[in-house]
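>>> Below are the sequence and a predicted model; questions follow.
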Amino acid sequence: MNLEQLKLSVMFSVTAPGADLYPFDPQFCSHSPSKRCSGAIGCRVAADEAEAFNRHAGKWWSELHRTAKTRADRATGFKGKLATRVWEKQKRGLAHLHGVISVESPAHERWAEAYINALRELAPRYGFGFVDGWHKVGRKFWPGVQAAAYLSSYFAGGRGRKMAITENVLAGDLPRLVVFVARDLTLMTGCTMRSLRNARRLWASREGLIERPRFSLDECLMAAAMLNPRRLE
């Protein structure tokens with residue numbers, strides 16, 4: 001619902017460093033010695049090393065994002081924003097970040113290019129690995145609803161070697177805020193974790209599963225709107 005507000009967007013990923021810095025632990029490997037290790041076949045980084053990276057990743061990302069944003073703001077004269085940022089825990093055990101940026105106008109597009117290229121250049125300095133540059137990311141612009149669907153296909157139930165969002169939230173060693181949505185989007189839609197929780201409670205009370213929850217009038221109206229999305233149009 002929130003990303004549906006974006007006319008056009010680009011998506012990017014920020015990875016953890018590769019096996020040269022975070023090697024796979026042989027105790028998790030079940031393949032032959034001649035085969036190359038990969039998270040896709042069950043190989044994992046040593047638990048203590050993965051946990052150490054994951055617990056620092058949130059702080060490192062904040063510093064990387066702040067520096068890249070400052071550089072992009074100055075280069076373009078435009079103060080751009082992230083629309084969404086989601087942490088994922090890959091099968092190899094290391095945190096991995098997906099981001100979405102609006103490119104609804106030429107100014108947004110110029111900022112997105114400067115920001116993503118800054119991320120690519122600065123990532124190793126802040127403890128991260130590979131970031132696709134604009135030469136790749138900028139090849140395809142996604143309507144916000146398609147970006148939302150793409151991310152949901154990863155996080156709602158997992159896809160391929162990806163972990164479902166529930167696994168990511170319960171992992172325990174990922175950054176505290178696994179999913180971030182820009183405030184200007186949630187102000188437009190009213191769709192927040194709180195309103196969704198209230199909607200779930202309202203639905204349960206309507207089904208006779210729990211007693212009627214005590215909401216303020218605004219909370220009740222928003223919860224009802226979450227259950228009837230057409231009211232938000």
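Received it, and whenever you're ready, just let me know what you need. Predicted, not measured: the structure shown is a model, and the values here were computed from it.
>>> Which of the residues in the helix of greatest length in the chain are classified as buried?
The helix spanning the most residues in the chain, taking DSSP state H as the definition, is helix 47-76. By neighbour count, and taking 16 or more other Cβ atoms under 10 Å as the criterion, the buried residues in helix 47-76 are 49-51, 53-54, 57-58, 60-61, 64-65, 68-69, 71-72, 76. (C-beta placed from N, C-alpha, C; glycine too.)
>>> ranges for the helices of this protein?
Counting by DSSP H, the segments of the chain that form helices are 47-76, 106-122, 134-137, 144-155, 165-170, 183-189, 193-206, 217-227.
>>> Return the most buried member of those.
Comparing the helices of the chain on average neighbours per residue, with mean count of other Cβ atoms under 10 Å, the densest one is helix 106-122 at a mean of 20.
>>> what's the residue closest to the geometric middle of the chain?
For the chain, the residue sitting closest to the mean C-alpha position, by Cα atoms, centre = their mean, is residue 86 at 1.3 Å.
>>> wait, doesn't it sit right on residue 181?
No. Under the criterion of Cβ atoms under 8 Å, residue 86 lies out of contact with residue 181, with a separation of 9.3 Å.
>>> show me the contacts for residue 61.
Listed by Cβ atoms under 8 Å, 6 or more residues apart in numbering, the contact set of residue 61 reads 14, 97, 126, 128, 175.
>>> what about it, distance to residue 108?
Going from residue 61 to residue 108 by Cβ to Cβ, to the nearest Å gives 22 Å.
>>> Excluding sequence neighbours, find me the nearest residue to residue 17.
Among residues not flanking residue 17 along the chain, residue 129 sits closest, at 4.1 Å (Cβ to Cβ, 6 or more residues apart in numbering).
>>> if I pick that neighbour, what's in contact with it?
Taking Cβ under 8 Å, 6+ apart as the definition of contact, the neighbours of residue 129 are 14-18, 21, 123.
>>> hmm, 10 Å instead?
Neighbouring residues of residue 129 by Cβ atoms under 10 Å, 6 or more residues apart in numbering: 14-18, 20-22, 94, 96, 123.
>>> Equivalent analysis for residue 140, please.
If you count contacts by Cβ under 10 Å, 6+ apart, residue 140 has them with 10-11, 146.
>>> please redo it, this time with the cut-off set to 7 Å
Contact analysis of residue 140 by Cβ atoms under 7 Å, 6 or more residues apart in numbering lists nothing.
>>> go on, residue 118?
Contacts of residue 118 by Cβ under 7 Å, 6+ apart are 68, 71-72.
>>> can you check residue 127 too?
Neighbouring residues of residue 127 by Cβ under 7 Å, 6+ apart: 56, 60.
>>> one more time with 10 Å, if that's ok
With contact taken as Cβ under 10 Å, 6+ apart, residue 127 is in contact with 16-17, 21, 53, 56-57, 59-61, 63-64.
>>> Kindly report the domain assignment for the chain.
Taking automatic domain parsing as the domain assignment, the record places the domains of the chain at 3-182, 190-233.
>>> Name the nearest residue to residue 123, ignoring sequence neighbours.
residue 131 is the one closest to residue 123 (Cβ to Cβ, 6+ apart), at 5.0 Å.
>>> shaky segments in the chain?
Within the chain, the set of residues satisfying pLDDT under 70 comprises 1, 154-172, 188, 190-193, 195-196, 222, 226, 229-233.
>>> The same query, at a cut-off of 80, please.
Of all residues in the chain, those with pLDDT under 80 make up the ranges 1-2, 151-177, 182, 185-200, 202, 215, 217-233.
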